[in-house]
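With the sequence up front, the predicted model follows.
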Amino acid sequence: MLALRIFVYIVVVLMLLPVAISLPVALTDTRGIRFPPQGLTLRWFASVFQDGILLQSIWRSFVLALLSGLVAVAIW
């Protein structure tokens with residue numbers, strides 16, 4: 001049982017690691033990773049919402065996730 005718990009913790013850490021790395025990079029005002037950060041900005045998030053192609057791909061991903069969730073619930 002302890003081995004399973006350790007395995008689950010490792011999987012959770014590995015799944016959250018990209019978010020833990022991406023979020024500070026997304027909030028910095030430089031184009032790369034620097035430590036300490038030079039400043040904080042939401043510029044990258046604003047540019048996503050100004051790009052029509054990215055918005056279309058986000059919407060398509062949302063619709064596909066919703067449909068696959070509905071299908072999964074229906075066949076369960």
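Nice, I can see it. Numbering: from 1, shown residues only.

show me what contacts Pro37?
Pro37 sits next to Pro24, Leu27, Thr28, Asp29, Thr30 when contact means Cβ atoms under 8 Å, 6 or more residues apart in numbering. C-beta here means a position set from N, CA and C on the backbone, and glycine is covered the same way.

which one among those gets closest to Leu42?
Nearest to Leu42 among these: Leu27, at 7.3 Å, using Cβ to Cβ.

could the contacts of Pro37 go into CSV alongside secondary structure, distance to Ile75 and pLDDT?
Below are the contacts of Pro37 laid out as CSV (DSSP: H, G, I helix; E, B strand; the rest coil; distance: Cβ to Cβ, whole Å; pLDDT from 0 to 100):
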residue, secondary structure, distance to Ile75, pLDDT
Pro24, helix, 40, 81
Leu27, helix, 40, 83
Thr28, strand, 43, 82
Asp29, coil, 47, 80
Thr30, coil, 47, 77
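
For Arg43, give its distance to Thr28.
Per Cβ to Cβ, to the nearest Å, Arg43 is found 10 Å from Thr28.

For the helix or strand of the chain with the lowest mean pLDDT, buried residues please.
In the chain, the helix or strand scored least confidently by mean pLDDT, DSSP states H and E is helix 43-50, which has a mean of 84. For helix 43-50, burial by neighbour count (16 or more other Cβ atoms under 10 Å) applies to no residue.

And the helix or strand where Leu54 lies, how far out from the chain middle?
Per DSSP states H and E: Leu54 is located in helix 52-75. Here the centre of helix 52-75 is set off from its chain's centre by 15 Å, with Cα atoms, centre = their mean, to the nearest Å.

So which bits of it are buried?
By neighbour count with 16+ other Cβ under 10 Å, helix 52-75 contains no buried residues.

can you check stretch 16-30 too?
Residues of stretch 16-30 classed as buried by neighbour count (16+ other Cβ under 10 Å): Thr28.
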